[in-house]
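Chemist: Turn this into a model:
(2 chains)
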Amino acid sequence: MMTATSARRMPSLLPALLIAFFATASLVSCEDILNSILDTGAPTSLKASDGKYADRIEVSWTAPSLSGDKWTGRSVDEYIVRWWGPDNNPDGTPTHQTNFQIPVSVANRAKEYEIEVTTVVDGWEEGSSSDTGFALETFDLIWKDGGADYEFTGADRWYVTMLQKGFRYDFEFEEGGIDRIQFYEFGTLDMVHEIVATGVNELPSWVCDENGARHKFYVKVMTSMPAASFRASFGF
Amino acid sequence: MDDVFKGVFPGLSLRYMLTGRIGFSLDYAFIGFEYYYPESPSGPWVGPVAWSSMPSRFADLRGDWIFYQTRHFVAPQVWYLTSLDPSGQTASLRLGAGPAFSFLIPAQAALYYPGLSDAFEQFSTEFDVHPGWSFRLGFEYRPEFARFLRVGAEYLFLINSVITFASDISGGALEYIDRSGNFLLFAGVRL
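Modeler: As a prediction, the model looks like this:
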């Protein structure tokens, strides 16, 4: 009777197990898989923030399981956080936490850092994981019906916005006010389009042609003047 | 056909029979996408509409359109089943009732297009819930050749509120029934 009951339950569990497997697999990086196979003791699920904060990069990770035979009786002493970018820290900073903040100066915003976290077990460095991140100060770029006016001081300003494929996005400014406008995929520093101002009577615009799920962008507006103003509007 | 089937929605139902006659279920249906668009660059915004009602100049942009909301239906139900054939028990009459929730989840784009969020208040929130009640009457059939299978049909009637039901239906019974009634076909397996 018990056998019959167990046999009937198996089919109902199988779909749930498959769903759980695929959901988990998508969250694991290739580096995590390799570290798991080699049983290196490296931290897992390392993630550095990508433009989420203006003054820092936040790094977080998960402690290694240390479940293999070679780890019996051993535990994590600390982690060493190293980074390379506009300002390097190759010697690393030790921490007992599973998160860390890398301070970023105004001059080093929008510059990519390579971050590596190494596990220290019994005084030995026993494997590391890495990720890239950057700090960025952003403002929302709003497309009001009929257009909206913006102004800023300094050399450039980064905006976050969403663009509709097929729509035309216009940037109207006084001559000499804006040098160029660059569009980046949101969450990255990968430029996808650039408008370079070339002269009078020009209305810089872009008919968004990005496909798929790429709808959210950084828009970097650059000027050679101490301050700039522009009017942003959309059309089709 | 359009008069009978205004829309076809995929759904999923998990049912647990407490006894041979009483059971509980949790039903989910994805009602679909509803779209919005600006009539001109200076507005106004129009919607919600089906994609077939969008202006032709946007016809090629369906997969990339960012001004939309999705509508979902969730209903925890209690069921009463009674056999229509006491000897063979191959078909049952099913009666169901319980709360029903319609969820509207607006797309994020309205954060950057205030003309859209100003015109339609659901875009000012992350999601919008409309509670109500559902009542069902139908039958389900268990084929002799595959006793784990269930197929059937039922009539699903949704009301916004038990309290306002009388006043709603007195304003035009046939129109109300047409608007609130739904015909469901289902197929399932017993695990």
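
Chemist: drop to CA atoms for contacts and neighbour counts, all remaining ones
Modeler: Fine.

Chemist: Nearest the middle, which residue of chain A would you pick?
Modeler: A centroid search over chain A (C-alpha atoms, centre = their mean) returns A:D50, at 2.7 Å, as the residue closest to the centre.

Chemist: Do I have it right that it meets A:E137?
Modeler: No. A:D50 sits out of contact with A:E137 when judged by C-alpha atoms under 8 Å, with a separation of 11.2 Å.

Chemist: Burial check on A:D131, number of neighbours?
Modeler: A:D131: 17 surrounding residues under other C-alpha atoms under 10 Å in any protein chain shown.

Chemist: For it, report the pLDDT, please.
Modeler: As summarised for this prediction, A:D131 has a pLDDT of 95.

Chemist: got the contact list for it?
Modeler: Residues in contact with A:D131, defined by C-alpha atoms under 8 Å, 6 or more residues apart in numbering or on different chains, are A:L46, A:K47, A:A48, A:E114, A:I115, A:E116.

Chemist: Check for me that B:V46 belongs to a strand.
Modeler: Yes. The assignment for B:V46 is a strand, going by DSSP: H, G, I helix; E, B strand; the rest coil.

Chemist: Can you show me the helices along the chain?
Modeler: Defaulting to chain A. In chain A, helices defined by DSSP state H lie at A:2-25, A:30-38, listed in chain order.

Chemist: meant chain B actually
Modeler: Counting by DSSP H, the segments of chain B that form helices are B:114-119, B:162-170, B:173-180.

Chemist: Quick check: B:V74 touching B:L26?
Modeler: Yes. Checked against C-alpha under 8 Å, the pair B:V74 and B:L26 is within contact range at 7.3 Å.

Chemist: Of these two, which one has the most company?
Modeler: Neighbours were tallied for B:V74 and for B:L26 using other C-alpha under 10 Å; the higher tally belongs to B:V74 (19 against 15).

Chemist: Spatially nearest residue to that one, not counting backbone neighbours?
Modeler: Taking C-alpha to C-alpha, 6 or more residues apart in numbering or on different chains as the measure, B:V74 lies nearest to B:Y28, with 4.6 Å between them; neighbours along the chain are not counted.

Chemist: so who does the one you found touch?
Modeler: Taking C-alpha under 8 Å, 6+ apart, we find B:Y28 in contact with B:G11, B:L12, B:S13, B:H72, B:F73, B:V74, B:A75.

Chemist: CSV please, covering those residues and showing pLDDT.
Modeler: Written out in CSV, the entries for the contacts of B:Y28 read as follows (pLDDT from 0 to 100):
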residue, pLDDT
B:G11, 84
B:L12, 86
B:S13, 86
B:H72, 92
B:F73, 90
B:V74, 92
B:A75, 92
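
Chemist: mind checking which helix or strand of chain A has the lowest mean pLDDT?
Modeler: Each helix and strand of chain A was given a mean pLDDT (mean pLDDT, DSSP states H and E); the minimum falls on helix A:2-25 at a mean of 35.

Chemist: follow-up on the earlier one: any idea how far chain A is from the residue nearest to B:V74?
Modeler: Taken as C-alpha to the nearest C-alpha, to the nearest Å, the spacing of B:Y28 relative to chain A amounts to 17 Å.

Chemist: Dig out what that residue forms beta bridges with.
Modeler: Partner residues in beta bridges with B:Y28, using DSSP bridges, are B:L12, B:V74.

Chemist: Would you check how far apart it and B:F165 are?
Modeler: Taking C-alpha to C-alpha, to the nearest Å as the measure, B:Y28 falls 24 Å from B:F165.

Chemist: B:I177 too?
Modeler: Distance check for B:I177 against B:F165: by C-alpha to C-alpha, it reads 11 Å.

Chemist: okay, these two: which has more neighbours?
Modeler: Shown here are B:I177 and B:F165; by other C-alpha under 10 Å, B:I177 has more neighbours (15 against 12).

Chemist: quick one: low-confidence parts of chain A?
Modeler: The model of chain A has pLDDT under 70 over residues A:1-28, A:175-176, A:199-202, A:212-213.

Chemist: For A:N88, which non-adjacent residue is closest in space?
Modeler: Nearest residue to A:N88 in three dimensions, chain neighbours excluded: A:R82, at 7.9 Å (C-alpha to C-alpha, 6+ apart).

Chemist: my guess is the one you found meets A:T93, correct?
Modeler: Yes. Between A:R82 and A:T93 a contact is recorded at 6.5 Å, counting by C-alpha under 8 Å.

Chemist: who's in contact with the most centrally placed residue in chain B?
Modeler: The residue at the geometric middle of chain B, judged as the C-alpha nearest the mean C-alpha position with C-alpha atoms, centre = their mean, is B:F73 (4.7 Å). When contacts are counted by C-alpha under 8 Å, 6+ apart, B:F73 is found next to B:D27, B:Y28, B:A29, B:F30, B:I31, B:A100, B:F101, B:S102, B:F103.

Chemist: same question, B:M17
Modeler: Counting by C-alpha under 8 Å, 6+ apart, B:M17 has contacts B:G23, B:F24.

Chemist: now do 10 Å
Modeler: Applying C-alpha atoms under 10 Å, 6 or more residues apart in numbering or on different chains, we find B:M17 in contact with B:G23, B:F24, B:S25, B:V78, B:W79, B:Y80, B:L81.

Chemist: Filter these down to just the ones in strands.
Modeler: Judged by DSSP state E, strands contain the following of these: B:G23, B:F24, B:S25, B:V78, B:W79, B:Y80, B:L81.

Chemist: who's in contact with the fifth one?
Modeler: Applying C-alpha under 10 Å, 6+ apart, we find B:W79 in contact with B:15-18, B:21-25, B:94-98, B:136-137.
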